[in-house]
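Student: Sharing a model prediction with you, sequence too.
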Amino acid sequence: MQAHLDSIWILVSAFLVFFMHAGFALVESGFCRRKNAVMVLLKNVGVVAVASIVFYLVGFGLMFGDGNALLGLNGFAPPPDMRLQAAPAGIPLYVFLFFQLVFAATAATIVSGAVAERARLVTFFVFTTLATMFIYPVIGHWVWGGGWLSTRGFHDFAGSTVVHAVGGGMALAGALVIGPRYGKFGKDGSNRPMPAHNFPLAALGVLILWLGWFGFNGGSTLAADPAAIGPVILVTNLSASAGFLGALLYARWRTSVLDLSMALNGALAGLVAITAGCDVIGPLESLVVGAVAGLVVVEGVMLLDRLRIDDPVGAIPVHLFCGVFGTVAVGLFANGAQLKGLFHGGGVSLLTTQLLGAAAGGGLAFAVGGALWLSLKRLPGGVRVDRDHEVEGLDLSECGVSAYSADVPARAPNERALGRFSAVVSTR
Amino acid sequence: MQAHLDSIWILVSAFLVFFMHAGFALVESGFCRRKNAVMVLLKNVGVVAVASIVFYLVGFGLMFGDGNALLGLNGFAPPPDMRLQAAPAGIPLYVFLFFQLVFAATAATIVSGAVAERARLVTFFVFTTLATMFIYPVIGHWVWGGGWLSTRGFHDFAGSTVVHAVGGGMALAGALVIGPRYGKFGKDGSNRPMPAHNFPLAALGVLILWLGWFGFNGGSTLAADPAAIGPVILVTNLSASAGFLGALLYARWRTSVLDLSMALNGALAGLVAITAGCDVIGPLESLVVGAVAGLVVVEGVMLLDRLRIDDPVGAIPVHLFCGVFGTVAVGLFANGAQLKGLFHGGGVSLLTTQLLGAAAGGGLAFAVGGALWLSLKRLPGGVRVDRDHEVEGLDLSECGVSAYSADVPARAPNERALGRFSAVVSTR
Amino acid sequence: MQAHLDSIWILVSAFLVFFMHAGFALVESGFCRRKNAVMVLLKNVGVVAVASIVFYLVGFGLMFGDGNALLGLNGFAPPPDMRLQAAPAGIPLYVFLFFQLVFAATAATIVSGAVAERARLVTFFVFTTLATMFIYPVIGHWVWGGGWLSTRGFHDFAGSTVVHAVGGGMALAGALVIGPRYGKFGKDGSNRPMPAHNFPLAALGVLILWLGWFGFNGGSTLAADPAAIGPVILVTNLSASAGFLGALLYARWRTSVLDLSMALNGALAGLVAITAGCDVIGPLESLVVGAVAGLVVVEGVMLLDRLRIDDPVGAIPVHLFCGVFGTVAVGLFANGAQLKGLFHGGGVSLLTTQLLGAAAGGGLAFAVGGALWLSLKRLPGGVRVDRDHEVEGLDLSECGVSAYSADVPARAPNERALGRFSAVVSTR
């Protein structure tokens, strides 16, 4: 019976994490420009579809299959009654697999924000396929699948490194290889504003992500143990709150503007940062973690602008910078009593182990992701849409529609800009 | 205790299915034109209100009351402690009733998409009332209430026929009786594009529906049995993913456009199609079911355009065509071992039984729904708004507002276009 | 084990209530004018952040700490294993605290709607801090924390008074002290329409609130007892449905317009009104409660307009008027058998007790909230933004962005209207 309740809790948590993809879709499309909103949505929903299939077929086995310290070697397209050492006992395999599947899709979707408004759809889907098939699962195996980081006592409860630093590392690689949006940085060093086109969508997206994080962190207990879940949920919520207010106040001090997008990213920063240690960090410490993450994200956004790295939604500061910070924060803020029995790092300190794990995870994701982006760049078509498509906007040029059509279509409709079904009809 | 957990699972699932109504509201209003968005929202929220009351008072009894092979005969506005043969033991009646109630509202809301932008609100609500009171419950009784289809071994786990083909059949009848939107089809056979007015809403709606389907299919186990739920959730997710990608690729091949609306409807098509057999179809087979459903929806949309049947949101291809396909797919793809003990069709094959059931359910819904639409057409006022209201848009002409008001009201506000509370004030 | 299931139910309910904040953010930003949407979102997300921190640190202890008939005196920033008399046994403290925390944030957010489009952000956050720290917790202690109203048998199951009348009382005080929006009421007594700027957002928000209410009311059982939860969910849904239809029909009769905003507020009115008695009111009676609430909200909106009280989203009629009505409705409609054992009012009738409780809760919130608003008005800066900021819209003037940017920024961008990250950059 408790095992049944454990599974129901994991399923509910998985549903919340699945819903995060609606949050990502809204945040990314809302923060991008109006002319690219349809393409962003296509990418974000498509990531879920691609990652779902690929992770079921291959990624899950590499991550949780019985293997060695580097990767799993069985459990590909597994049958429902298969037993794996890294899968919790008493939980039906497909329940566990589905929970892990929605995590894998999260890591992939982080990349889409950083390369938005200029990446080719097909290239992005190829990247997503390979990232969900190999990059994320292998690093995941190191930490959660019984691999070498787990045996060193590296502590990443719900994925500040495994999901966020890894996704953020691949995002940074993508932003560097693809380059900034046309017109973003002037030759004189100026930085052209490309404001969010729909703030209500972005704010709704962040609230959905905040909600989904209760499943992300809470479900990572992998057991319906309320005495363990309660603190996880409370500190998750407090860190998000502190991140929101920290970024709002800090940005206000730096710029004198009440910057909603900074504050929203601050909430996400607090969530990312508490993810590694939400089981061992207390409520008051979580306020510190969240507030610092809020500062990190504001400074991180400014740093990327100085470095002329274009990240339309702030994915790199939120997921990479705060993912690394959160992983390290475990070494700084973890409650010793709660950690006891969890940490077993031999002679190496917890802080060192956390630094090592974050560097290994984020670093490998950046390196392999970068190699992959560079390889894709050499293929015909490359990684980037045509310049004129980018200028016109990907929605009209590639998707044949505008995100927000007016009521009255032109008397002589532009064939390229046809709507919903007519695009199909008109070519027959 | 397990019984308590069963009920909690059913309640959580019911909440997810309830949330699908937000998904429907967004998909339908997003896919429709800007000038009719308020009316679409009014219909979609109103359907929930009407169906909730009517199904509690009458429909539930007809569907699950103790009766005969054709309909139930008690359980109208039932007391909380009533015992019915078709209601699962150990689940409080109101828990079961609420789960069924949100399903009933789903069947009704499918119709609204197909008749959007031109149906009269009052007519639509009368149709909804009668459909939720009689049509849906009677067919539902045949399959889930102990009626004649259930005794023949017809297998419709969560409602590809009971909900979707039935809703879709009534939708087709409505679209035929009401006729196409003004200007949709030219006299020369041309097909005028009426593009979606808000893609972010539509995409969010589809992700919400996808999420809600985990409750729709997962909750239909009617028990917190994780070994049974896990596979249901996994194949539901895989079929939706394959539907999205199948429709995207197929539409791209047919039209050379990256068609987000087709891909979104493809995801819904995959969800509808796997609904009947999600308990007996394996993961790999579910990818086939979803991909085929993706093709069905693209071809279905084109077929309706050729037949000059106007379905603004694609409700008929998604729910009727893929509902029938999914019901039949049980006969094609079901896992024999899992079906054992479930199917007991005597001398008739499973495939034949599935064809019979889909034809009976969808056919009756189409026939009775059509008769009902035709009757309503003869009443004063008819089924359709005035031509000039349709041209102006239902929002301004009937709801007195625009979906998206500008900040600065006209110096001399149009009395008809007054906002929120002032509409009330101005008539005093 | 049952205790674990109880906690999981409370957590799931808390997640639903948390999600209500997305609903509030959408309803309020959707109903407000386009030029203030960003500021509304900033306030609504900020309320969650502020209330989360403050309620954890102080409010929870005042509300549920062991104390006297007026307030709690311990449990401030409590450790996870603390035992409090008013906290249910068997539920880990942080699970209970988190459920209560999302309620507290709800009470605070109600205020934001009534003062929207003109309140200063900093003043509003100071008010939120003090309200969540003191006003809500003290009144909550009276009813749910073992205080004087609970010992008199006052029945407020999930907060028609504790949350809604209290939030509404503070909202009325705020609307009175801050005064109407510039231009809302003419000197000749006319009432200028300020229509909703985005109906799809508002409708989505209401459906999210409706969904969240299943957690709000259902979770208030504080136990996974399906026989108790089933009726709560059913009557909650029926009352919302009746409220929607009641307001729609009544407004149609009064104004001849199909008024979506009235209908949406009618649904919320039905939800607020059934909240006090959802455990003791039957399904048929709940239809009456909801329908009456629908009328109350329409008349309430008109009354406020006559009184020249400006409440941009209808928060006062929905939460204060219907909160009081719902509290009193317990005395009118409660099922005697179900109440038996619950009510123990000595010689005083239930109806009198309900009137007393609603008056005490709503009245104190109005009085103390009003005193607080008046005090804030005397501080430097006051409670209200500059007139020119209000006319320009708070988004451009205070947040430096527009809610919906066009794609092409002006050649010479207005420094004040800079976007997302550039606002930061441009000041360096």
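Tutor: Here it is on my side, so go on.
Student: Briefly note if stretch A:388-408 comes near chain C.
Tutor: Yes: residues of stretch A:388-408 are located near chain C by C-beta under 8 Å from any C-beta of the partner chain, namely A:G393. All C-beta spots, glycine's among them, are computed from the backbone N, C-alpha and C.
Student: now the strands for the stretch 251-400 of chain A?
Tutor: Remark: strands of the stretch 251-400 of chain A are absent; assignment by DSSP state E, counting those that start in this stretch.
Student: What parts of it come near chain B?
Tutor: Applying C-beta under 8 Å from any C-beta, we find that the stretch 251-400 of chain A lies next to chain B at A:398-400.
Student: again with the stretch 101-250 of chain A
Tutor: The stretch 101-250 of chain A has residues A:101, A:121, A:198, A:201 near chain B, with proximity defined as C-beta under 8 Å from any C-beta.
Student: So which residues on the stretch 51-200 of chain A come close to chain C?
Tutor: Within the stretch 51-200 of chain A, the positions near chain C by C-beta under 8 Å from any C-beta are A:191-200.
Student: Can you tell me the closest non-neighbouring residue to the residue minimising distance to the centre of chain A?
Tutor: By C-alpha atoms, centre = their mean, chain A has its centre lying nearest to A:I110, at 3.4 Å. Take A:I110 and drop its neighbours on the chain: the residue closest to it by C-beta to C-beta, 6 or more residues apart in numbering or on different chains is A:G167, 3.1 Å away.
Student: Quick one: name the residues of the stretch 301-428 of chain A near chain C.
Tutor: Proximity of the stretch 301-428 of chain A to chain C, by C-beta under 8 Å from any C-beta, involves residues A:301-302, A:305, A:314, A:393.
Student: about what we covered before: is the residue nearest to A:I110 in contact with A:A104, as I believe?
Tutor: No: counting by C-beta atoms under 8 Å, A:G167 stays clear of A:A104, with 10.1 Å between them.
Student: Looking at the two, which one has more neighbours?
Tutor: The residue with more neighbours, out of A:G167 and A:A104, is A:G167; 33 against 24, by other C-beta atoms under 10 Å in any protein chain shown.
Student: how distant is whichever helix or strand that one is part of from the center of its chain?
Tutor: Following DSSP states H and E, one finds A:G167 within helix A:166-178. Taking C-alpha atoms, centre = their mean, to the nearest Å, one finds helix A:166-178 lying 12 Å from the centre of the chain it belongs to.
Student: Show me what it packs onto, helices and strands only.
Tutor: When contacts are defined as 3 or more C-beta pairs under 8 Å, 6 or more residues apart in numbering or on different chains; DSSP states H and E, helix A:166-178 packs onto helix A:93-114, helix A:136-144, helix A:315, helix A:322-333, helix A:350-378.
Student: export the ones you listed to a markdown table and tack on distance to C:I53?
Tutor: Formatted as a markdown table, the helices and strands packed on helix A:166-178 follow (distance: least, C-beta to C-beta, whole Å):
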| stretch | distance to C:I53 |
| --- | --- |
| helix A:93-114 | 27 |
| helix A:136-144 | 31 |
| helix A:315 | 26 |
| helix A:322-333 | 17 |
| helix A:350-378 | 26 |
